[in-house]
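Student: Give me a model of this one.
(2 chains)
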Amino acid sequence: MTDPLESAQAIQHSGPNAEPRRRRSWIRRYIFTTDHRTIGIQYLLLALIAVIIGASLSLLMRLHLAWPDLPMPFWGVMKPEDYLALVTMHGTLMVFFVLTTAPQSGFANLVLPEQIGSRQMALPLLNAASFWLTVLSLLVLVSAFFMPGGAPISGWTSYPPLSAIAASGPGQALGMDIWLVSIGIFCIASTLASVNMLTTIVAERCEGMTLDRMPLTVWSWLVASMITVLVFSVLFAAAVLLLCDRHLGTAFFVPMGDLVNGQIVGHGDGTPLLWLHLFWFFGHPEVYIAILPGMGITSSLLANFSRRPALGYRLMALTTVLIGLLGFLVWGHHMFVSGMNPYAGTAFALTTMAIAVPSTAKVLSWIGTIWGGNLRLTTPMLFSLGFLSLFIAGGVTGPLLALPILDAYLHNTFFVVAHFHLIMAMAAIFSVFAGVYYWFPLMAGRQLHEGWGKVHFWLTFIAAYSTFFPMHLAGLAGEPRHYSQLSGGAASMAALIPLQRYISISAIVLVAAQLIFLTNLIWSVWHGKLSPANPWQATTLEWSTASDGQPIVLRGPYDYGVHPGQSDFLPQDALEPNPE
Amino acid sequence: MPLTIFLAVIALCPGLSSLVSGSQFWMPPNAALHGIAVDRLMRLNLTALGTCFIIAHLLLLISILRRPRPGASPKILPSMWAMEVIPLTLLCLMYVWMAITAQRLWAANRFEGPSPAAMQVEVVGVQFQWYFRYPGEDAAFGGTRPELVNAAAGNPLGLDRQDPHSADDIVASELVLPAGREVDVTLRAHDVIHGFFVPAMRLKQNAVPGMVLHVHFTPELPGEYPILCSQVCGLGHARMQAKLRVLPRGDYALWLAAREAKLHAIQAARVKAQ
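Tutor: Here you go, the predicted structure:
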């Protein structure tokens, strides 16, 4: 059996492992390693484990919603608190351990140093430390399921007093503490990882790699890292304050006279709204941490597989920065009906409409890049096109939800679930798939199977639309999220159960389609087609075939199709206009 | 071939699912005065944004279907003006229009308080029950204290019986309102955050412990409408529902009189017991 990493290195002459080195033990090479590429793969595997758990939880939820009396594995007939625990853990796993780790830490560790002509991350030991803290955080989180009372039931947003008072529900005692500790560890890990990434981008660029020659992936990792450092520290503070409220008798979030379960628990003058502000000051930029790397990957891949430069490179870099900046000013659009001053609602609505402008500019630029291009419909290209389609589908409802008067109907209904699953979950995951298919040769020295990749794409694409698009309709009909059953006064919505069944069946197909991906992944590590050195004829430096020494960058990142009669691409470090 | 599926997906998804289910996929019929404008705005915005979605996908499809053959000489990129500046300007104008129209409606509903003649109702969220309080003949709510809350003893809101204003307060578990009269809703919560959501009234506002919030609306059409909790509040969240009954004015007066008579009877019994 060949060693996949070694074969990856075989095609990567300029990589960090090019020079002969001591043979280190298996554990030092694969587990406690400081090699950025191995850490990147570790992050991707962690995200894979988290997404498998998170998707399984969502399947249980979907089954329960459609067939409430069906006994579930591990649960039997599901109780309402079980359902809410699933909601909480599904959201937490997906947002933190999948959408924050894979696009940002996973891919950046895999290719960022080479893309900027460096051999390593600036702070390799810190890099390994932040990965293992992330692992610890995941283990702590999953252990919440096994606490007395089970996992917390207050959703991934954990609004107090529900999250502050142990007596307010099952899972809100030890389960909630575990959740907060896990999030605290995750905050530290992400902040450390981002400091490392920022340092690397600022300090480790090779000669000639000026800011305006950085691939758009690097721009997006740069902005996402800045956001991470700023907002995860706020979330960390909020989690510490909430733990103090729970155990040290402070009252940041619990108001005077708060009466839970027959006991007066509010003795200070806190306010739950403080948590909402702190949480969403983190929570909305977090969305951009998840999607910005996907935008960068899409920009790069659309240019590559259209064989032409990305339309408006400077505009794309600028809009990435603008989205990052404006992302700090929009958090209140999660709070239109929260009790926040209605004038503040107007202010946040306007900033939110403003952030639609750079996002729209990006979409136009992507369409312009592929318009009339010599498209190569490879699997990574299909997933990038899928990203574009889903980003538009989820994006168009953004400005609608930014209008407080309409959000005052749609808030916390399935309409919002549809919106953020299309844009944040599906679009971001499609860019992750695009990245995995595209960069797999750097991980395993082999390519993923193209045919099965295409089958995987089409099934996933159709099932994604089929699962999340109809949720708009349930939301318009008024169905709230977090409802484990439609009964009682909401019986008028019982008419939506057939729709929910349809969605559940689609979700099963969606998850089942990923088995094709998993099989392809495992099979291709050992049996995939051996990859040439630069399989996608790419220009960026992670595919550089120059044999040794520091690369010197001579041109921008997307020099495709601009030299008629010669090769249709020029790598950033190629000396001659005709490198072949 | 895959492109046909691509088209089919975009076009058929909602249709396919409605075939399977046959249920209704629009907002429930509106019964509130301000809801007419809200529904109109919702339709306009969904149409505008749905059109953007379709145009963008047509552009995507054309790019894919009409791509040059492999090996054909590459075309130059479209100009920034055609692809970026002009469409972006147009879309920005649309965003401005969306923001202005929607903000006017929001301001009309939320910046201004209710008219002084609006009737007063207090809505209190408690795990997992909505309570509705009417101020009675003196048009003033009596004081409440959390330590007096005792649902089993008939005082779920902790009414302070020493307060003269509380004597005529009526506490109900369904919200009954007269049609055509503006209501000023005072929103409170005892324990955790709840979401007061009346889909038919196009109304949603959180009830937050420690805060007293106000929303106002005018129910127009008599009928029965569900009241839901829209903010996850614990294990009973999904069953935290109540009923809004909008009655013609005469029927409402009769209902109120019956409730007052019942209150007097209870008070008389309490005095007798003492």
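Student: give me the low-pLDDT residue ranges for the chain?
Tutor: Since no chain was named, I'll use chain A. Applying pLDDT under 70 to chain A flags residues A:1-23, A:488-492, A:547-548, A:563-566, A:576-580.
Student: Please refer instead to chain B.
Tutor: Ranges of chain B meeting pLDDT under 70: B:1-24, B:71, B:73-74.
Student: Identify the residues contacting the residue in it positioned nearest to chain A.
Tutor: Nearest residue of chain B to chain A: residue B:210, at 2.4 Å (Cβ to the nearest Cβ). All C-beta spots, glycine's among them, are computed from the backbone N, C-alpha and C. Going by Cβ atoms under 8 Å, 6 or more residues apart in numbering or on different chains, residue B:210 touches A:255, A:256, A:257, A:258, A:266, A:269, A:270, A:271, A:272.
Student: and with 6 Å instead?
Tutor: For residue B:210, the contact set (Cβ atoms under 6 Å, 6 or more residues apart in numbering or on different chains) comprises A:255, A:271.
Student: cool, and residue A:193?
Tutor: A:105, A:130.
Student: The chain: strands as residue ranges?
Tutor: In the absence of a named chain, this looks at chain A. A:259-260, A:263-264, A:446-447, A:529-530 (DSSP state E).
Student: That was the other one, I meant chain B.
Tutor: Under DSSP E, chain B gives strands at B:119-126, B:129-134, B:170-172, B:175-178, B:183-189, B:194-198, B:203-207, B:213-217, B:223-229, B:242-247.
Student: Quick check: can you name the pairing partners of the second one and their directions?
Tutor: Pointing back at strand B:129-134 there. Strand B:129-134 has the following strand partners under DSSP bridges: strand B:119-126 (antiparallel), strand B:170-172 (antiparallel).
Student: So what touches that strand?
Tutor: Taking Cβ under 6 Å, 6+ apart as the rule, strand B:129-134 contacts B:121, B:122, B:123, B:124, B:156, B:157, B:169, B:170, B:171, B:172, B:175, B:242.
Student: Just want the angle from it to strand B:242-247.
Tutor: Angle between the axes of strand B:129-134 and strand B:242-247 is 30 degrees (criterion: axes from the mean of the first three to the mean of the last three Cα atoms, to 10 degrees).
Student: Nearest to residue B:98, out of the strands of chain B?
Tutor: Closest approach to residue B:98 among the strands of chain B (Cβ to Cβ): strand B:203-207, 19.8 Å.
Student: quick one: that closest one to strand B:213-217, angle?
Tutor: Using the same axes, to 10 degrees: strand B:203-207 against strand B:213-217 is 160 degrees.
Student: How many residues are close by residue 242?
Tutor: Since you didn't name a chain, this refers to chain A. A count of nearby residues for residue A:242, using other Cβ atoms under 10 Å in any protein chain shown, gives 27.
Student: Chain B was what I was after
Tutor: Residue B:242 has 23 neighbouring residues, counting by other Cβ under 10 Å.
Student: Would you mind confirming that it makes contact with residue B:227?
Tutor: Yes. The criterion here is Cβ atoms under 6 Å, and residue B:242 meets it with residue B:227 at 4.3 Å.
Student: residues near residue A:269, how many?
Tutor: If you count neighbours by other Cβ under 10 Å, residue A:269 ends up with 12.
Student: If you drop the residues flanking it in sequence, what lies closest to it?
Tutor: The shortest distance from residue A:269 to any residue other than its chain neighbours is 5.2 Å, reached at residue A:256 (Cβ to Cβ, 6 or more residues apart in numbering or on different chains).
Student: residues contacting residue 196?
Tutor: This is for chain A. By Cβ under 6 Å, 6+ apart, the residues touching residue A:196 are A:121, A:123, A:126, A:127.
Student: nope, chain B please
Tutor: B:123, B:187, B:205, B:207.
Student: if you set the cut-off to 8 Å instead, what comes out?
Tutor: By Cβ under 8 Å, 6+ apart, the residues touching residue B:196 are B:123, B:125, B:130, B:185, B:187, B:203-207, B:215, B:227, B:229-230.
Student: Residue B:234 too?
Tutor: Counting by Cβ under 8 Å, 6+ apart, residue B:234 touches A:153, A:162, A:168, A:169, B:127, B:128, B:192.
Student: residues contacting the closest residue to it other than its chain neighbours?
Tutor: Spatially, and ignoring its direct neighbours in sequence, residue B:234 is nearest to residue A:169 (4.1 Å; Cβ to Cβ, 6+ apart). With contact taken as Cβ under 8 Å, 6+ apart, residue A:169 is in contact with A:81, A:153, A:154, A:162, B:234, B:235.
Student: Buried among those? Make that a PyMOL selection.
Tutor: Restricted to buried positions by 16 or more other Cβ atoms under 10 Å in any protein chain shown, the PyMOL selection for those reads:
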select buried, (chain A and resi 81+153+154+162) or (chain B and resi 234+235)
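Student: The contacts of residue A:169 in helices, which ones?
Tutor: If you go by DSSP state H, these have residue A:81 in helices.
Student: closest to residue A:321 among the contacts of residue A:169?
Tutor: For the contacts of residue A:169, the nearest to residue A:321 is residue A:154 (34.7 Å; Cβ to Cβ).
Student: Give me the spatial nearest neighbour of residue 141, chain neighbours excluded.
Tutor: Just going to use chain A. Closest residue to residue A:141 apart from its sequence neighbours, by Cβ to Cβ, 6+ apart: residue A:182 at 3.9 Å.
Student: My question was about chain B, not that one.
Tutor: Closest residue in space to residue B:141, ignoring its immediate chain neighbours: residue B:135 at 4.9 Å, by Cβ to Cβ, 6+ apart.
Student: That neighbour contacts residue B:120, correct?
Tutor: Yes. The criterion here is Cβ atoms under 8 Å, and residue B:135 meets it with residue B:120 at 5.2 Å.
Student: who's in contact with the residue in chain A that chain B sits nearest to?
Tutor: Proximity of chain A to chain B (Cβ to the nearest Cβ) peaks at residue A:255, 2.4 Å away. Shown in contact with residue A:255 (Cβ under 8 Å, 6+ apart): A:161, A:266, A:269, A:270, A:271, A:272, B:209, B:210, B:211.
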